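S.K.: build me a structure from this.
(2 chains)
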Amino acid sequence: MSARTVIPFGPQHPVLPEPVQLRLTLEEERVVEAIPAIGYVHRGIEKAAELNEWVQNVFLVERICGICSFLHALCYCQGIETLLGVEPPPRARYLRVVWGELHRLHSHHLWLGLLADSFGFESLFMQFWRNREMIMDLLEMTAGNRVIVSTCTVGGTRRDIAQEQASEILRTLDKVQNELDKLLPVISNDYTVRSRTVGKGVLPKDKAIRLGAVGPVLRASGVAQDVRMIGYAAYGELGFTPVVEQAGDAHARLLVRMKETYQAIDLIRQALAHMPEGEIITRVRGNPRGRTISRVEQPRGEVVYYLAGNGTRNLERLRVRTPTFANVPALVQMLPGCELADVPVLVLSIDPCISCTER
Amino acid sequence: MNIITTARVKSPWILHFDTGSCNGCDIEILACLTPLYDVERFGMINVGNPKHADVLLVTGPANRRNARVLRNLYEQMPAPKVVIVIGTCGCSGGVFHNCYNMLGGIDKVIPVDVYVPGCAAKPEAIIDGVVLALQRLAERSESKPALAEALA
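M.R.: Reported below is the predicted structural model:
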């Protein structure tokens, strides 16, 4: 047996925007073991959510993760609405789909760029991020802020999308799709992309299910599971099939996310076309009592909120299971056997969101 | 301005560290580097090594676990250096002010030169903050003790 080296990958590393540490045990260039060390961005949001009133928590849970903030708020609001027995008006449900899918669109662009950056494909990174700015402009136009949009609230949404804004969204989405059409051949056929991703970090179907992987990681291993299929918000009324790839390697995960950007564009178009007229918020009375579980499909996978209310203004318990947490066991299984140079690509291939995971 | 100061201010290298932000400000810092805002035209480059960096961008409030890492990074940066805090939670704790694991703003751990508030801070505000910090960097670079320390 050759000598073993332990390399601390992180907490501050150029490829990681967030601090997490992987202790990599190497035999020459090959990874034998990877142990994640977390806690660098733990804030204690779950406890803070018990101290705040349940209305204030909408703003707190949005800040669990800045990339998919709207979907965190959506998941929390759906849970509270179940406890209070409130049904949001139809227009609000469609508006939630629009903002939710805009978030998925910008998150996937962000990730596709970061992955290209992780293997040194700078120009592809820049292309995706240039494209992403168009979506950020849409978020700013409809919500007034680029990242944390704060449009979702208990009982509906806080803002409406006017007719002119809707047509501007459609115009911009056409441009985004045009740009994506140019990038799709690069993602699927380019030599550099293929040589760094094909066959790397293979996660077979049975293993993916056993390890409890979620989201694009699971779908890239051939399992057609997407929480949007349960039809929360207005997804039940929109046409939609989950994107599935069979290979289970980093390239399959890349393709799943690339195709989901098209899917998100399509869903926004459908939602805007079928959006009913009417109110955007129902009045909410009383305090939440009882327990419930709320699930939403985020860009990274399924997020689960457990809420327990006792009829007061404060929640008894708020528990969040985020998609990255579910995907870390899969990552730890993927890493042994790969080369050190592939570690950044594999770590990014699950699209880690550490601030979600540690809260 | 002497030649070293001129060179320094014309190409400030940036180190970015996240101490527990929600990622909102982090992705806005990355957005600054990409084609629309393109801070590389001011000579700013995002580097991964604290020993190469002149400017430290910190996002998020400090917590008990990463305060040590943050102090370590700050101490590894050669003088003269400036620290910029991006986002409301890094300035004061913000929405996380009552969380049990929080120490509060970044200035509880290391000295801060420029505060950029906002949740999340917009790229324009971040660029503005960096330009403000560069004036501070020029002053420090001109002052004799800092220069002696940098050349030592």
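S.K.: any idea of the pLDDT on the residue of the stretch 51-200 of chain A found nearest chain B?
M.R.: When scored by CB to the nearest CB, the stretch 51-200 of chain A has A:Gly66 as its residue closest to chain B, at 2.6 Å. Bear in mind the C-beta positions are built from the backbone N, C-alpha and C, glycine included. Here the pLDDT value assigned to A:Gly66 is 83.
S.K.: might you report the residue contacts of the nearest residue to it once chain neighbours are set aside?
M.R.: Nearest non-adjacent residue to A:Gly66, counting by CB to CB, 6 or more residues apart in numbering or on different chains: B:Gly24, 2.6 Å away. By CB atoms under 8 Å, 6 or more residues apart in numbering or on different chains, the contact list for B:Gly24 reads A:63, A:66-67, A:69, A:147-148, B:87, B:119-120.
S.K.: may I see the buried residues of stretch B:65-72?
M.R.: B:65-67, B:69-70 (16 or more other CB atoms under 10 Å in any protein chain shown).
S.K.: again with stretch B:10-22
M.R.: For stretch B:10-22, by 16+ other CB under 10 Å, it's B:12-22.
S.K.: repeat that for stretch A:291-306.
M.R.: Neighbour-count burial for stretch A:291-306 [16+ other CB under 10 Å]: A:292, A:294-305.
S.K.: and for stretch B:118-126?
M.R.: Here stretch B:118-126 shows B:118-123, B:125-126 as buried, counting by 16+ other CB under 10 Å.
S.K.: ok, it near chain A or not?
M.R.: Yes - against chain A, stretch B:118-126 shows contacts by CB under 8 Å from any CB of the partner chain at B:119-120, B:122.
S.K.: test my guess that B:Ile27 contacts A:Val147.
M.R.: Yes - with contact defined as CB atoms under 8 Å, B:Ile27 reaches A:Val147; the gap is 6.8 Å.
S.K.: tell me which of the two has more neighbours.
M.R.: Using other CB atoms under 10 Å in any protein chain shown, the more surrounded residue of B:Ile27 and A:Val147 is A:Val147, with 28 against 25.
S.K.: got a list of what that one touches?
M.R.: With contact set as CB under 8 Å, 6+ apart, A:Val147 has these partners: A:66-67, A:69, A:136, A:139, B:24, B:27-28, B:120.
S.K.: separation between it and B:Pro12?
M.R.: 24 Å (CB to CB, to the nearest Å).
S.K.: now do B:Ser141
M.R.: B:Ser141 is 11 Å from B:Pro12, by CB to CB.
S.K.: determine whether the claim that A:Ile293 is in a helix is correct.
M.R.: No - counting by DSSP: H, G, I helix; E, B strand; the rest coil, A:Ile293 is not part of a helix but strand.
S.K.: does it have beta-bridge partners, and which?
M.R.: On the basis of DSSP bridges, A:Ile293 is bridged to A:Tyr306.
S.K.: number of residues surrounding the nearest residue to A:Ala37 once chain neighbours are set aside?
M.R.: Sequence neighbours aside, A:Gln21 is the residue nearest to A:Ala37 in space, at 4.1 Å (criterion: CB to CB, 6+ apart). A:Gln21 has 19 neighbours, counted by other CB under 10 Å.
S.K.: which ones are touching A:Gln21?
M.R.: A:8-11, A:36-38, A:40.
S.K.: among the residues you listed, name the buried ones.
M.R.: A:9-11, A:36, A:38, A:40.
S.K.: in a helix, A:Gly66, correct?
M.R.: No - assessed with three-state DSSP, A:Gly66 is coil; it does not lie in a helix.
S.K.: correct me, but it touches B:Ile27?
M.R.: Yes - look at A:Gly66 against B:Ile27 with CB under 8 Å: they come within range, at 6.6 Å.
S.K.: what touches both of those two?
M.R.: Counting by CB under 8 Å, 6+ apart, the residues touching both A:Gly66 and B:Ile27 are A:147, B:120.
S.K.: any stretches of the stretch 201-350 of chain A with poor pLDDT?
M.R.: Applying pLDDT under 70 to the stretch 201-350 of chain A picks out no residues at all.
S.K.: burial count for residue 88?
M.R.: In the absence of a named chain, chain A is used. So A:Pro88, with other CB under 10 Å, has 25 neighbours.
S.K.: that's the wrong chain, I wanted chain B
M.R.: By other CB under 10 Å, 24 other residues sit near B:Thr88.
S.K.: mind listing what the residue lying closest to it once chain neighbours are set aside touches?
M.R.: Excluding its sequence neighbours, the residue lying closest to B:Thr88 (CB to CB, 6+ apart) is B:Gly94, at 4.0 Å. By CB under 8 Å, 6+ apart, the residues touching B:Gly94 are B:61, B:87-88, B:119.
S.K.: so which of those are in helices?
M.R.: B:Thr88 (DSSP state H).
S.K.: got phi/psi on the residue nearest to the spatial centre of chain B?
M.R.: For chain B, the residue nearest the mean C-alpha position is B:Leu57 (2.3 Å; CA atoms, centre = their mean). For B:Leu57, the backbone dihedrals (degrees, to the nearest 10) come out as phi -100, psi 120.
S.K.: show me the contacts for the closest residue to it other than its chain neighbours.
M.R.: Excluding the flanking residues, the one nearest B:Leu57 by CB to CB, 6+ apart is B:His16, at 4.7 Å. Shown in contact with B:His16 (CB under 8 Å, 6+ apart): A:17, B:26, B:29, B:46, B:57, B:59.
S.K.: of the buried ones among the contacts of A:Gln21, which are in range of chain B?
M.R.: Near chain B, by the rule CB under 8 Å from any CB, you find A:11, A:40 out of the buried ones among the contacts of A:Gln21.
S.K.: filter the buried ones among the contacts of A:Gln21 down to the ones in helices?
M.R.: Counting by DSSP H, the buried ones among the contacts of A:Gln21 contribute nothing to helices.
S.K.: of the buried ones among the contacts of A:Gln21, closest to chain B?
M.R.: Minimum distance to chain B across the buried ones among the contacts of A:Gln21 is 4.6 Å, recorded for A:Tyr40 (CB to the nearest CB).
S.K.: hang on, the closest one packs against A:Thr357?
M.R.: No - the criterion here is CB under 8 Å, and A:Tyr40 misses it with A:Thr357 at 10.7 Å.
S.K.: for the buried residues of stretch B:10-22, give me TSV that also has secondary structure and pLDDT.
M.R.: Listed next are the buried residues of stretch B:10-22 as TSV, based on DSSP: H, G, I helix; E, B strand; the rest coil; pLDDT from 0 to 100:
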residue	secondary structure	pLDDT
B:Pro12	coil	85
B:Trp13	strand	87
B:Ile14	strand	86
B:Leu15	strand	86
B:His16	strand	85
B:Phe17	strand	85
B:Asp18	strand	83
B:Thr19	coil	83
B:Gly20	coil	79
B:Ser21	coil	81
B:Cys22	coil	82
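S.K.: export the residues you listed to CSV and tack on distance to B:Leu36?
M.R.: Shown next, in CSV, are the buried residues of stretch B:10-22 (distance: CB to CB, whole Å):
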residue, distance to B:Leu36
B:Pro12, 20
B:Trp13, 21
B:Ile14, 18
B:Leu15, 22
B:His16, 18
B:Phe17, 24
B:Asp18, 22
B:Thr19, 26
B:Gly20, 27
B:Ser21, 22
B:Cys22, 22
